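Chemist: Fold the stuff below for me.
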Amino acid sequence: MNTGMKLAAGMALACVAGLSHAAQYVVTTQDVSADSERKLLKAVPSMKIIRQMTDKSRFVVNLPDRGLDAALDTLRSAAFVKAVEEDYWVTTQYVPNDPYISNQYSLMDDSVEPAGINLWGALDYTFGAGAIVAVLDTGYVPHPDLDSNRLPGYDMISSSSTAGDGNGRDSNATDVGDYAWYCGSFSSSWHGSHVAGTAAGVGDNGTGITGIAYQAEFVPVRVLGKCGGSLSDIADGIVWAAGLPVSGTSTNNNPADVINLSLGGSGSCTSYIQDAIDDAVAAGSVVVVAAGNSNANASNYTPASCNNVITVAAVDETGGKASYSNYGSVVELAAPGSSILSTIDSGRKTSTGPAYAYYSGTSMATPTVAGVVALMKAANPSLTPSEVLTILQSTSRSFPASCSGCGTGIVDAEAAVATALTY
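Modeler: Alright, predicted model coming up:
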C-alpha cells in the first residue's frame, strides 16, 4: 500500500443514456394534412392520439396491447403513413467527470466489476444532497475533494498526548497526523480523510475521485489519534454526532443521518458504547461499523458486536471475502474494501498537501455502505434506521465468490435507493 501515491490523471467517463421500450409510437404521415388525424383514427379506431409533433407530419400515439401487431401492420401498410416507430424512454445513467473514476472499481456496475456496487444507477435518483454523514475517525485534512462537503466537526479526544495537538477536546477536528513510532506507526495514515472521501467526497468537480454520496455533507469527529483512541471518547463522539448533548462541548447543529465507525478493537460490546449507539439510533442516526481486519469472528470485537449497528465485512475485487475481513453472525452485509482509492494527505508525519491513495480494510468497506445510506436518506429522509437495514439487506446481491459469514450479500446502491423511494 503506497500511502503517498499521487496518481496520474485517468480517463474521465462521459454521461451516457440508456434506452428502454415505452408503450408509445410515433407515426409519420406522408405529408402535412388537416385530415391526417381522422385517417389515423379510422385506420385504428382503438388508437389514442397523444399529441401532434412540431413538424405537423408526426403524431405520438398509444396503441392497445390487445391486437398490437395487427394495428402496427395496418398503420405501416396505409398509403398515407410513411413510418411507424417506437417511442423510446430515455434515462440518464450519470457518471461524474472526476479523472480518477476509472480507478474506482468498487463503484462500477457488477456486470463490469464483480464487486461493484452499481453506483451509476443510484445517481439517476439522487447525488446525496441534504444527507449528512458523520465520520468518527482521525479527523480531516484540507483537500479539494473534501473541503466543499465538510461541515464543522469536533475533536473529541480527551487526552492531549493522544490528540497530538497540544490540547484536549475542542471544536477543531483537523487531523494533525497519527505518526507514532512507539506504537509501530511510522507514517501518518490520514485515515479519516480517506474514509470521508469514500462516503462523501466531492464529485463531478473534474478533480481526483468521486465520493459515493458526492453531494452529501460530512461532519468530522476526531476520536482517533496517536496509537488509536479510547472507547469512552468514541461513545461521546457517537452521541455528539447524533446531535445530542455532551457535557463540556458545543452542540452539533448538523445531526448525522448516518454515523460511520471505521474502527474497532477486541472485546465485547460495553454498556456505555451500547447506550451511546442506542441513543443515536433513537435520535434517527444509522450507525455503520467495520467488522474488523483479523480474519476472525466479529462477535469478539467492538463495536462490531454491538446491537443496533450495521456491521460490514469486506470483499475483494473478485466479490469474495477479503482475506483479512472478520465474519460471523453479527455481520449484516458486505462491501468492497480492497484497494479502495480515496483522499489523504501526502505528508509522512505532518500535513504537506492533498494526495490520493489505495487503502484496504473493512474500514474502507464501511464508508461504502455509509455512502449508500446517505443516498437512501437523501432520496427518502423519513426512513428509520431499521427500515434502512431492511432495505440494504433485502436489496443486497449474491456474492459472486465465496464469502461465508459476510451477511446477506454485497451492497447494491441502485437497488437500495430505488427501494428507498417506495417506502
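
Chemist: what about Ala199, distance to Glu86?
Modeler: The gap separating Ala199 from Glu86 is 41 Å, by CB to CB, to the nearest Å. In short, each C-beta sits where N, CA and C put it, glycine included.

Chemist: which of those two has more neighbours?
Modeler: Ala199 (32 against 13; other CB atoms under 10 Å).

Chemist: could you say what helices and strands the host helix or strand of the more buried one packs with?
Modeler: Per DSSP states H and E, Ala199 falls inside helix 191-200. Secondary-structure packing of helix 191-200 (3 or more CB pairs under 8 Å, 6 or more residues apart in numbering; DSSP states H and E): strand 132-137, strand 217-222, strand 340-345, strand 354-359, helix 362-379.

Chemist: State the distance from the nearest residue to Gly353 once chain neighbours are set aside to Ser57.
Modeler: Excluding the flanking residues, the one nearest Gly353 by CB to CB, 6 or more residues apart in numbering is Ser346, at 5.1 Å. Relative to Ser57, Ser346 is positioned 62 Å away (CB to CB).

Chemist: which ones are touching Ser232?
Modeler: 158, 272 (CB atoms under 8 Å, 6 or more residues apart in numbering).

Chemist: rerun that using 6 Å as the cut-off
Modeler: With contacts defined as CB atoms under 6 Å, 6 or more residues apart in numbering, Ser232 has no neighbours.

Chemist: now Gly116
Modeler: Counting by CB under 6 Å, 6+ apart, Gly116 makes contact with 108-110.

Chemist: 8 Å instead?
Modeler: Gly116 touches 105-110, 336, counting by CB under 8 Å, 6+ apart.

Chemist: Helix or strand: which one has it?
Modeler: Gly116 belongs to no helix or strand, assigned by DSSP H and E.

Chemist: In the stretch 1-150 of the chain, what residue spans correspond to strands?
Modeler: 16-29, 48-52, 58-62, 81-93, 132-137 (DSSP state E, counting those that start in this stretch).

Chemist: Parallel or antiparallel, list what pairs with the second one.
Modeler: This means strand 48-52. strand 58-62 (antiparallel) (DSSP bridges).

Chemist: Show me the contact partners of the strand it pairs with.
Modeler: Taking CB under 8 Å, 6+ apart as the rule, strand 58-62 contacts 23-29, 36-37, 40, 47-53, 87.

Chemist: Buried ones among these?
Modeler: 25-27, 29, 36, 40, 47 (16 or more other CB atoms under 10 Å).

Chemist: how about JSON lines for the residues you listed, with pLDDT added?
Modeler: Converted to JSON lines, these look like this (pLDDT from 0 to 100):
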{"residue": "Tyr25", "pLDDT": "94"}
{"residue": "Val26", "pLDDT": "95"}
{"residue": "Val27", "pLDDT": "95"}
{"residue": "Thr29", "pLDDT": "95"}
{"residue": "Ser36", "pLDDT": "93"}
{"residue": "Leu40", "pLDDT": "95"}
{"residue": "Met47", "pLDDT": "90"}
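
Chemist: what's the most distant pair in these?
Modeler: Across these, no pair lies farther apart than Tyr25 and Ser36, at 14.7 Å, counting by CB to CB.

Chemist: who are the neighbours in contact with the nearest residue to Ser342 once chain neighbours are set aside?
Modeler: Among residues not flanking Ser342 along the chain, Gly197 sits closest, at 3.8 Å (CB to CB, 6+ apart). Gly197 is in contact with 143, 145-146, 209, 211, 342-343, counting by CB under 8 Å, 6+ apart.

Chemist: Can you report phi and psi for the residue nearest to Gly353?
Modeler: Dihedral pair for Ser346: phi -80, psi -10, per degrees, to the nearest 10.

Chemist: Just send the strands of the stretch 1-150 of the chain back as JSON lines, with distance to Phe186 too.
Modeler: JSON lines is the format used below for the strands of the stretch 1-150 of the chain (distance: least, CB to CB, whole Å):
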{"stretch": "strand 16-29", "distance to Phe186": "45"}
{"stretch": "strand 48-52", "distance to Phe186": "69"}
{"stretch": "strand 58-62", "distance to Phe186": "67"}
{"stretch": "strand 81-93", "distance to Phe186": "44"}
{"stretch": "strand 132-137", "distance to Phe186": "20"}
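
Chemist: weakest of those by average pLDDT?
Modeler: Lowest mean pLDDT within those: strand 16-29, at a mean of 62.

Chemist: and the residue nearest to Gly208 when sequence neighbours are not counted, how many neighbours does it have?
Modeler: Distance criterion CB to CB, 6+ apart; nearest residue to Gly208, sequence neighbours excluded, is Asp145 at 4.5 Å. Neighbourhood size, Asp145 [other CB under 10 Å]: 25.
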